[in-house]
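[1] Kindly return the folded structure for what I paste below:
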Amino acid sequence: METNAFNQKLNRYVLDDQIVYTGFSSFKDAEDCAQKKGGNLVEVGFKDGNDNPEVCTDCDLIEKKLHYYVDAGPEYKFIHSSDPGFRKYADELQKIKAKLQQSPPDERYIANFEIENAEDPIVVIKNDHFESVTSRERSKYLKHAKVYEIGVSLPKS
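    Numbers count the residues shown, from 1 in each chain. You can find the predicted model right below:
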């Protein structure tokens, strides 16, 4: 099993002529993996509302040295836990968590399940206001989003 710098499982996709890994915790993590495996950095797009990746070049992740980006239209902004802006919303998340701890046990369980299990959390902002928290994996299915991740491509052997 391949893992990223935080020991989280990488996603492995077998495409026509290549194997592509995604799920890197940073651009540097992907660069290190590519160097170690003798692969190439590629941009991978999930554009059809599900987990069908395609190698693409329409997001400039490599040029911008980004590992993750979501395009869900001008009113939405997705902020990854590794982004500098994420800390700005950490207080809001703590307030939500504190409020949930005061709610009835059944509501607390259901709501906490979403927040606590959001591995690699993403804050969703709509029109400059906090909307929700999701995960990288779930962001592929939300808001008709186009999700882009840095990947490492290896030839199919």
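[2] what are the ranges of the strands in the protein?
    Under the criterion DSSP state E, the chain contains strands at 11-14, 18-22, 40-46, 54-56, 68-71, 76-80, 121-126, 129-135, 146-155.
[3] quick one: which of those is nearest Glu31?
    strand 40-46 (6.7 Å; C-beta to C-beta). Every residue, glycine included, has its C-beta placed from N, CA and C.
[4] Send me that closest one as PDB with only the CA atoms.
    Provided in PDB are the C-alpha atoms of strand 40-46 (Å, rounded to 0.1, in the frame of the first residue of the first chain):
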ATOM      1  CA  ASN A  40       6.100  12.200 -13.700                       C
ATOM      2  CA  LEU A  41       4.000  14.800 -12.000                       C
ATOM      3  CA  VAL A  42       0.600  15.100 -13.700                       C
ATOM      4  CA  GLU A  43      -2.600  17.000 -13.100                       C
ATOM      5  CA  VAL A  44      -5.600  14.800 -12.500                       C
ATOM      6  CA  GLY A  45      -9.200  16.100 -12.900                       C
ATOM      7  CA  PHE A  46     -12.400  14.600 -11.500                       C
END
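[5] List the strands paired with that strand, with their directions.
    Strand pairing for strand 40-46, determined by DSSP bridges: strand 54-56 (antiparallel), strand 146-155 (antiparallel).
[6] what's the spacing between that strand and its chain's center?
    Its chain's C-alpha centre and that of strand 40-46 lie 13 Å apart, by C-alpha atoms, centre = their mean, to the nearest Å.
[7] What of stretch 74-89?
    Stretch 74-89 has its C-alpha centroid displaced from the chain centroid by 11 Å (C-alpha atoms, centre = their mean).
[8] So what touches that stretch?
    Residues from elsewhere that reach stretch 74-89 (C-beta atoms under 8 Å, 6 or more residues apart in numbering): 25-26, 67-70, 72, 120-128, 130, 136, 139, 143, 145.
[9] Pull out the buried residues from these.
    With burial judged by 16 or more other C-beta atoms under 10 Å, the buried subset of the contacts of stretch 74-89 is 25-26, 67-70, 72, 120-125, 130, 136, 139, 143, 145.
[10] OK, contacts around the closest residue to Asp16 other than its chain neighbours?
    Spatial nearest neighbour of Asp16, excluding adjacent residues (C-beta to C-beta, 6 or more residues apart in numbering): Lys156 at 7.9 Å. Contact partners of Lys156, counting by C-beta under 8 Å, 6+ apart, are Val14, Leu15, Asp16, Asp17, Gln18, Ile19.
[11] I am finished for the moment; much appreciated.
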